[in-house]
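Asks: Sequence isn't available, so here's the structure alone:
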DNA sequence: ACATTATATCGAAATTTCGCGATATAGTGA
DNA sequence: TCACTATATCGCGAAATTTCGATATAATGT
């Protein structure tokens, strides 16, 4: 866990909001039937909600992924992103330990 | 508590380190006798420890102060900075609530 | 008033981040 | 193979951040 990378990734309100949205799948349109077993949300849905360009959201998700805060899973043409709960908790614990 | 401002202030390893150092007064040279009653550490001591220029540290402390994470108290020519424990806890709670 | 000390602020150059459109890559289906 | 869709990456100009030296401000002591 690179705390510097994680804080940088979180140093943006939209990226934080995405993490919040990802807590609840119902913040996004329903998954296609063939994706009903896949956990996570595709880039297009996140983009729609965040109202930023496709390339920006793709870059944001890569940042969050490289920080370890989300996981990605490819299924066909889609990439599904979901929170990495363990990493998020680990980050929160680290920050808490460091600053408390 | 402006969470955005706080995260920005913390998005720098030296500023985080300063907050950590400030947990324990003994991380710095002893206070002058006439300051023994004052809580907090003067800019010069922080600068010495961080090994950055005086203006940089002054700017850092202003950033941390504007984010609410530290408090400043002027005594004569000196400004003493100390952690704002309540604000720090509030920030940690907020981030935890938001991201957990 | 003047020199000295501590801190704050200013202005600037270097670097980083932001967000986009264009384009590349990869998978799907006719 | 050829179009189409979803995502990733590239290149860029704009904006923000970093860090500094120079300078301003403020307090102290002679």
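Replies: Nice, I can see it. Nothing here was measured: the structure is a model prediction, and the numbers come from that model.
Asks: So what does the closest residue to residue A:22 other than its chain neighbours have for phi and psi?
Replies: Nearest non-adjacent residue to residue A:22, counting by C-beta to C-beta, 6 or more residues apart in numbering or on different chains: residue A:83, 4.8 Å away. Backbone N, C-alpha and C define where each C-beta goes, glycine included. Dihedral angles of residue A:83 (phi, psi; degrees, to the nearest 10) stand at phi -60, psi 140.
Asks: same question, the one 10 residues further on
Replies: Main-chain torsions, residue A:93, degrees, to the nearest 10: phi -60, psi -40.
Asks: burial count for it?
Replies: Residues near residue A:93, counting by other C-beta atoms under 10 Å in any protein chain shown, number 12.
Asks: Residue A:65 now?
Replies: 16.
Asks: what's the nearest residue to it once chain neighbours are set aside in contact with, if anything?
Replies: Excluding its sequence neighbours, the residue lying closest to residue A:65 (C-beta to C-beta, 6+ apart) is residue A:72, at 5.4 Å. Residue A:72 sits next to A:40, A:61, A:65, A:79-81 when contact means C-beta atoms under 8 Å, 6 or more residues apart in numbering or on different chains.
Asks: So the residue nearest to residue A:22 sits against residue A:21, correct?
Replies: No: applying C-beta atoms under 8 Å, one finds residue A:83 not in contact with residue A:21, separated by 9.8 Å.
Asks: And the two? Which one has more around it.
Replies: residue A:83 (21 against 18).
Asks: Spit out the contact partners of that one.
Replies: Residue A:83 neighbours (C-beta under 8 Å, 6+ apart): A:19, A:22-23, A:69-71.
Asks: 7 Å instead, please
Replies: Residue A:83 sits next to A:19, A:22-23, A:70 when contact means C-beta atoms under 7 Å, 6 or more residues apart in numbering or on different chains.
Asks: And it, how close does it get to DNA strand C?
Replies: Computed as C-beta to the nearest atom of the strand, to the nearest Å, the residue A:83 to DNA strand C distance reads 20 Å.
Asks: Beta-bridge partners for that residue, please?
Replies: On the basis of DSSP bridges, residue A:83 is bridged to residue A:70.
Asks: before we move on, the earlier item: with pLDDT, secondary structure and distance to residue A:28 added, can I get the contacts of residue A:72 in TSV?
Replies: Putting the contacts of residue A:72 into TSV (pLDDT from 0 to 100; DSSP: H, G, I helix; E, B strand; the rest coil; distance: C-beta to C-beta, whole Å) gives the following:
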residue	pLDDT	secondary structure	distance to residue A:28
A:40	97	coil	10
A:61	98	helix	14
A:65	98	helix	18
A:79	98	strand	14
A:80	98	strand	11
A:81	98	strand	11
